[in-house]
Each structure stands twice: as C-alpha cells, then as structure tokens.
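>>> mind folding the following:
(one chain, ligands or ions: 1)
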Amino acid sequence: MNLEFAKMHGLGNDFVVFDGVRQTVDLTPERIRALADRRFGVGCDQVLVLEPSERAGVDFAYRIYNADGGEVEQCGNGARCVAAFARETGLTDRDLLRLTTLGGEIEPEILADGRVTVDMGVPRLDGAEIPLTEPGEWVRAPLAVDGEEHRITAVSVGNPHCVLEVPDAGAAPLEVLGPALEHHPLFPNRANVEFVAVEAPDRLRVRVWERGAGVTLACGTGACAAVVAARLWGRVGEEVTVVLDGGELVIQWAGRGSPVRMTGPAVTVFRGRLARWPDPRPATAEKGTGPF
Ligand SMILES: N[C@H](CCC[C@H](N)C(=O)O)C(=O)O
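Below is the predicted model:
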C-alpha cells in the first residue's frame, strides 16, 4: 500500500487530506474512524478528499468525512486546507479555485500572505433547508432540551448549525448541551452546535461542539453560522473577528441574501504514506485515555 496524505489544520481543527485525483482512495466508514483515531490511526477531526469533477468551471469535487465516519456537506477550515494542498502539491497552479461539495459550490482563494479566503455561499435560514423537522425560520426560538428552555438560532452554511448566545463561552456546557442539541429531534440530520459570547459589534468568542467530531478547536462553518446568527440578533456589523479556541477567523456577511466570506490560515504539518489501513480501536480500549 502506498497511499499518500497530508496532515493539516485550520486553527487546530485538524485533517487527513488525500489527493483522490492522482491516487485511488477507497474509504469506508470503518477506515475513516480508524484513520481519525488519535491512538490507533493518524488522528484528525475530519478526513478530506479532492476528486476530479466533470462539472464545467469546477476544479475539484471536495468530499468531507467526520471522525465518526459520516460524509457531510461542508467544512470551512477544510476548504482553506484543501485549496492550500492543491496549490502545494501541484494539483493546480491557480490561487482561485471552485469546488463542489454536497452542500453547494464554494470558492477558496489563496491570498498573498498565505491565508485563504472562501466564499461559503449564501447561508440558509428556512427550516426546510437546514433541515429542521419544523418549518420557518428559527431565530432565538425557544427549544426545550432535557427539561430546560434554550433560545436557538438555526443556520445552514451547507451543513446544519444550532447557535446559542451565552454570557461566557469559556464556561459553556459543551460536553452536555452539545450532544443533546446535536441529536435533538428538531435536527433530522443532527447539527453542529455553537456557543457564542458577543464581546463587541466586531468580535465574537465562540466554542463549538461539532456533529460527528465533538469539541473541536475551531469550526469554519460554525464561525460563519455564529456571525450570521449574531447579525440576525442585531448584535454585530458586517465584518467580525471570531475568536475560537484555536485562533481567529475573519467573517464577512452583508446580510440576508448575501454570501458569507471566511478568511483564515491553512497549515500543512507533515506529509505521510499509509503503510496499511489502520486497525479499528478494540472495544476494550477506553476512548479518551491520555490527552485525546
Ligand atoms: N462537523 C461538521 C463538518 C466539519 C465542519 C468544520 N470542521 C468546519 O471547519 O466547518 C458537520 O458535521 O457538518
């Protein structure tokens, strides 16, 4: 076996990235879970693959798999990383790319300073498009979770997000409320969950429980969803710095009907070669032993 990959991250949200153009990458949910395992595999929040696209004007198909093995519609930090990967590995010689994902088309552009800016498309607010099991828009809408009422804002950036305002993001109960909302019946495809503290009209502190990955150090689509929600609440302007555990993203959104744009870093840590598909974690191995 000779499968090459790159280990990359966007503000500590980390990825195993495969070139599915010049090599055949035969993924299964079991293989993805084993690859993502931080003891038995390489370790990552998501596995990302660039594949050929037949669609005119599109450079690559961009496929995204969560650490739990499920394929999903969008990944913002990953979009920056796969654009940098395509450039670094010679898959393209251009700085502006057009990618298709299950959640729609996006355009990452590599900037002169090495950061990457991505037009993430127009965010969707209607229940049918998030999707939700209820119609209409959910902006600061009441939702009962385990007997407590929360005010949630539902946003899709291609993938589903449930955004809540909290007074202190650092004190937010991610490990309890995160999974409870991820799996809430309102979200038939589950949801990513953002806990947002408004620090200023141009600054949010955000922590994230990701669908299919748990607590991550950063979430690009989550940062976009947080800014969309905070703007709908009337709390922020058009350009916002989002402070995540792993660092800062700049998000721009001019309001309803406009695309949301995200700008931030993309880092290649190392490149490697898989000797074999990693073994699955044995049932006897406790998840979470050690720092991860
Ligand atoms: N967990 C997400 C996918 C990864 C998104 C995140 N890593 C980002 O940077 O947007 C979902 O299930 O929709």
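>>> list the contacts of stretch 279-288.
Stretch 279-288 is touched from outside by 30, 33-34, 37, 39-40, with contacts defined as Cβ atoms under 8 Å, 6 or more residues apart in numbering. Quick note: C-beta positions are derived from backbone N, CA and C, even for glycine.
>>> which ones are touching the most centrally placed residue in the chain?
Centroid-nearest residue in the chain: C75, 3.6 Å away (criterion: Cα atoms, centre = their mean). Residues counted as contacts of C75 (Cβ under 8 Å, 6+ apart) are 46, 48, 64, 101, 159, 220-221.
>>> can you list the residues of this protein near the ligand?
13, 45-46, 64, 66, 72, 75-78, 159, 192, 210-213, 219-222 (Cβ under 6 Å from any ligand atom).
>>> list the buried residues for stretch 51-70?
Going by neighbour count (16 or more other Cβ atoms under 10 Å), the buried part of stretch 51-70 is 53, 59-70.
>>> picking that back up, can you flag which of the contacts of stretch 279-288 belong to helices?
30, 33-34 (DSSP state H).
>>> which of these lies closest to the ligand?
The ligand lies nearest to R33 out of these, by Cβ to the nearest ligand atom, at 14.2 Å.
>>> make sure that closest one is actually in contact with Y65.
No. Assessed by Cβ atoms under 8 Å, R33 is found out of contact with Y65, at 9.3 Å.
>>> helices or strands up against the helix or strand encompassing T263?
Assigned by DSSP states H and E, T263 belongs to strand 260-264. Strand 260-264 sits against helix 76-88, strand 116-119, helix 220-232, strand 247-253, with contacts defined as 3 or more Cβ pairs under 8 Å, 6 or more residues apart in numbering; DSSP states H and E.
>>> partners of the helix or strand following that strand in the sheet?
Next in sequence after strand 260-264, counting helices and strands by DSSP H and E, comes strand 267-274. Counting by DSSP bridges, the strands paired with strand 267-274 are strand 3-10 (antiparallel).
>>> what angle separates the partner strand from strand 247-253?
The directions of strand 3-10 and strand 247-253 differ by 80 degrees, with axes from the mean of the first three to the mean of the last three Cα atoms, to 10 degrees as the criterion.
>>> which residues are contacting strand 3-10?
14-19, 23, 25, 42, 44, 76-78, 80-81, 84-85, 88-89, 218, 220, 246, 264-274.
>>> now stretch 262-280: buried residues?
Buried, per 16+ other Cβ under 10 Å, within stretch 262-280: 262-266, 274, 277-278.
>>> please apply the same query to stretch 133-149.
138-139, 141, 143, 145.
>>> show me those residues that map onto strands.
Judged by DSSP state E, those include 141, 143, 145 as members of strands.
>>> JSON lines please, covering these and showing pLDDT and distance to A283.
Putting those into JSON lines (pLDDT from 0 to 100; distance: Cβ to Cβ, whole Å) gives the following:
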{"residue": "A141", "pLDDT": "98", "distance to A283": "40"}
{"residue": "L143", "pLDDT": "98", "distance to A283": "35"}
{"residue": "V145", "pLDDT": "95", "distance to A283": "30"}
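>>> just to revisit the earlier point, which of the ones in helices among the contacts of stretch 279-288 are buried? Put it as a ChimeraX command.
Applying 16+ other Cβ under 10 Å to the ones in helices among the contacts of stretch 279-288 leaves a buried subset, and the ChimeraX line that selects it is:
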select :33,34
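>>> so where's this structure shaky on pLDDT?
Counting by pLDDT under 70, the chain shows low-confidence ranges at 287-292.
>>> at 90 instead, please
Applying pLDDT under 90 to the chain flags residues 1, 283-292.
>>> I'd say E129 and S156 touch.
Yes. Using Cβ under 8 Å, E129 is in contact with S156, at 5.6 Å.
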